[in-house]
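Engineer: compute the structure for the input listed below.
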Amino acid sequence: MNFDVSKQFKIAIDLSTQLEDRSGNNANTSTIMNWLALANPLGAPSTSQTGNRVVTSLNGTGGNNPYTFLLAEGYKRDFRNLLNGSVRLDHKLDFITNGLNIHGIVAYQNYSRQLDIYRKQLITYRADRLPDNSVLFAQQGDDQPLLFSSSNPNTSQRTTIELALDYKRTFGDHTVTGLLLYNQLKTVDPSFAFGVPNGYQSYVGRVVYDYKNKYLAELSGAYNGTENFAPGERFGFFPSFSLGWVPTAEKFFPRNNILTFLKIRGSFGEVGNDQLSGDFLTNPNSRFLYRPTAYSTNGTFPNSTAGFYYFGEVGSNYARYNAIREGRSNNPFLTWERAQKTNLGIEANLWKDRIMVVVDIFSEERDNILAVPQTVSSLVGTALPAQNLGRMKNKGYEVDVTYRNKIKDFNYWVKANVSYATNIILFQDEITRLFPYQQRTGQRFGQIFGYISEGLYNSWEEVNDPKRPVSTFVGSNRIQPGDIKYRDVNGDGIINFLDEVPIGKPTIPETIFGFSLGANWKGFDLSVLFQGATNVSINYSRLAVQAFYDVNPASAAEYLLESWSQERFDAGLPINFPRLSVGNGTNGFTHNTQTSTFFVEDASYVRLKNMEVGYTLTDNVLKKGKIKSLRVYVNANNLITWTNVLQGIDPETPNLGANFEPYPLVRTVNVGANITF
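Structural biologist: Sure thing, here's the model as predicted:
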């Protein structure tokens, strides 16, 4: 609702709400994906002909079956309510000077959620074959009443207040813009550590100058305050400035059809960070980092039951009591982490504005990074406080090129873009490792460390070679033909953590690129988008490269048929995986599951991300039906992907972590129509 109270005074009121009632299975998506990945053909059938749910016996344990797992998880209803409201007041101050305005905003957001879960113990049956060849379904467990649980309503509120004085005025060829702004934010959430609301304050100033759209300058500064530091350290000042020049607007610049527009610009500025990594608001060890050390009744202690002290004699007055431990120690001298960002850019239009080019070169140096020291012995007996001790440097470039042209009624365009960004850790608090090649300092953030694979052992002669390095990852087992051969980097005759080196590329792509094209002709239109990334590696998750992961045999991907076996080796068939083995390392043999170049793959890819074809009809027939235009179209997403990663893995999300199975990539095709009346 907008109100023009007068020519100088306006009021705007915005209200919105969103009500959600989500219902369905209580299992989360990542868990379901894991069940599906574990399911195998020997698992239990979901139902029998009599309707009984069945779990077959596999080596004395129940089979993995996603359907029975889903039934056991139960049903949930998730109620959510999001309310947004704001009031904005605008008043012109022309009676003071033309171009001066003041505005104030008060915004409020309320979010509430309640989760109800209904669960009933799943009754399963064991199928036993009787002598007469019939099947007896033996019930496993007794029927139990329906269980119900409901979370306490979780309600959070966020209030934002803003007051600003802005000015814009043109004096002949000179345009001046100014801004003074105050902003504060307060969030109340019961999940916040210590039950204390979160608050920020900011004071912002900005001045912009423009002369004939030829000389451009901007100077700004922000004075930001946070609750996470001690009084005296809470506020930090972060300035920035930028300059721009348009040579093609100068009188001396020759007029031509080759270079029709050129703009050169540069900027420098600082930004700050007040948070440790992770959700610092809900973690007592990451919030209010300056506060004195607190004591708590939880923690890990060197006995069989964590968090308790035991007194007395067994059988008489033996009892346990909550243990007290010291929490994270404090650091009242913490202050803002700072990043200094520099950017140089060029914008140019060429050949009668048919070609548009934008090039940016950037650099960022970050210091005072908030991090917890890693070189102090745990014998101090308490968690260490964060310090301003890290330094990192990022640099890169971005290029964007667009070409537009037409041939009679045929209009077309082509666009390409590429961005490259790399970083290096200049300093982090880490132990001095025995070998320099193992230091994380000097490496890229996200760099994978692991072992260098030199192929597979293909014979017992290789395995029994007395010069073969001894692996420390075999437990009570021994190396066999088909196991991975690791390089003994330090030459001590032992394969252990001292042989880990940087391998592959970072898990975050350093180069991202795209290519798109489009055209239209007499009502027909076409658009195509390719995207891709390179300079990135993937460390495959557990089930991607290891068959029969659990002791209760899990599934195996079809490509694991190319695992080493004596028969395949003798026949000269392709071998891309070590020998198959059952288990997840609990039997002590983890030799083949170590992070190594054998399983770290180049995750570069090119994907036909989107393609759309349409036709717009605007003839007299439509006008008789009072329709201005009708466009029918068909489009598709994720049509084709070119990559070297294993089947079923999406290279666009390579950093999954060791214990997460990927959600399958979905290809979608849409057919639709747009009608304008």
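Engineer: ignoring the adjacent residues along the chain, who's closest to Asp279?
Structural biologist: Nearest residue to Asp279 in three dimensions, chain neighbours excluded: Ser286, at 7.8 Å (C-beta to C-beta, 6 or more residues apart in numbering). All C-beta atoms are positioned from the backbone trio N, CA, C, and that covers glycine.
Engineer: ok, Val528 - contacts?
Structural biologist: 516-518, 608, 610-611 (C-beta atoms under 8 Å, 6 or more residues apart in numbering).
Engineer: now, these that are in strands?
Structural biologist: 516-518, 608, 610-611 (DSSP state E).
Engineer: which of those are buried?
Structural biologist: 516, 518, 608, 610-611 (16 or more other C-beta atoms under 10 Å).
Engineer: pull out the buried residues from stretch 103-121.
Structural biologist: For stretch 103-121, by 16+ other C-beta under 10 Å, it's 103, 105, 107, 109-111, 113, 115, 117, 119.
Engineer: ok, and what's touching the helix or strand containing Glu20?
Structural biologist: Following DSSP states H and E, one finds Glu20 within strand 9-25. Here strand 9-25 makes contact (C-beta under 8 Å, 6+ apart) with 1-5, 32, 70, 73-92.
Engineer: now do it, average pLDDT.
Structural biologist: For strand 9-25, the mean per-residue pLDDT is 96.
Engineer: next one: stretch 221-229
Structural biologist: 95.
Engineer: on that earlier part again, using a markdown table, lay out the contacts of Val528 together with distance to Asn417.
Structural biologist: Formatted as a markdown table, those follow (distance: C-beta to C-beta, whole Å):
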| residue | distance to Asn417 |
| --- | --- |
| Ser516 | 9 |
| Leu517 | 13 |
| Gly518 | 15 |
| Leu608 | 16 |
| Asn610 | 15 |
| Met611 | 18 |
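Engineer: show me the two of these that sit farthest apart.
Structural biologist: Using C-beta to C-beta, these reach their maximum pairwise distance at Gly518 and Leu608, which is 14.2 Å.
Engineer: redo the buried residues of stretch 103-121 as a markdown table? Include pLDDT and distance to Gly345.
Structural biologist: What follows is the buried residues of stretch 103-121, written out as a markdown table (pLDDT from 0 to 100; distance: C-beta to C-beta, whole Å):
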| residue | pLDDT | distance to Gly345 |
| --- | --- | --- |
| His103 | 98 | 31 |
| Ile105 | 98 | 32 |
| Ala107 | 98 | 34 |
| Gln109 | 97 | 36 |
| Asn110 | 97 | 42 |
| Tyr111 | 96 | 39 |
| Arg113 | 94 | 44 |
| Leu115 | 94 | 48 |
| Ile117 | 95 | 53 |
| Arg119 | 92 | 58 |
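Engineer: ok, so of these, who is nearest Leu130?
Structural biologist: Distances from Leu130 to those, taken by C-beta to C-beta, are shortest for Arg119, at 33.7 Å.
Engineer: which residue, neighbours along the chain excluded, lies closest to the closest one?
Structural biologist: Going by C-beta to C-beta, 6+ apart, Arg119 has Gly74 as its nearest residue, at 3.2 Å.
Engineer: for Thr382, same thing?
Structural biologist: In space, Thr382 is closest to Glu326, 4.6 Å off (C-beta to C-beta, 6+ apart).
Engineer: number of residues surrounding that neighbour?
Structural biologist: Glu326 has 14 neighbouring residues, counting by other C-beta atoms under 10 Å.
Engineer: ok, now how distant is Asp4 from Pro509?
Structural biologist: 50 Å (C-beta to C-beta, to the nearest Å).
Engineer: neighbour count winner among the two?
Structural biologist: Neighbour totals were compared for Asp4 and Pro509, and Pro509 leads with 25 against 9 (other C-beta under 10 Å).
Engineer: got phi/psi on the residue nearest to Arg119?
Structural biologist: In terms of degrees, to the nearest 10, the main-chain angles of Gly74 are phi 90, psi -160.
Engineer: the one 3 residues further on now?
Structural biologist: Taking degrees, to the nearest 10, you get phi -130, psi 130 for the backbone angles of Arg77.
Engineer: what bridges to it?
Structural biologist: Note on Arg77: beta-bridge partners by DSSP bridges are Ser23, Asp116.
Engineer: so it makes contact with Asp116?
Structural biologist: Yes. Using C-beta atoms under 8 Å, Arg77 is in contact with Asp116, at 4.7 Å.
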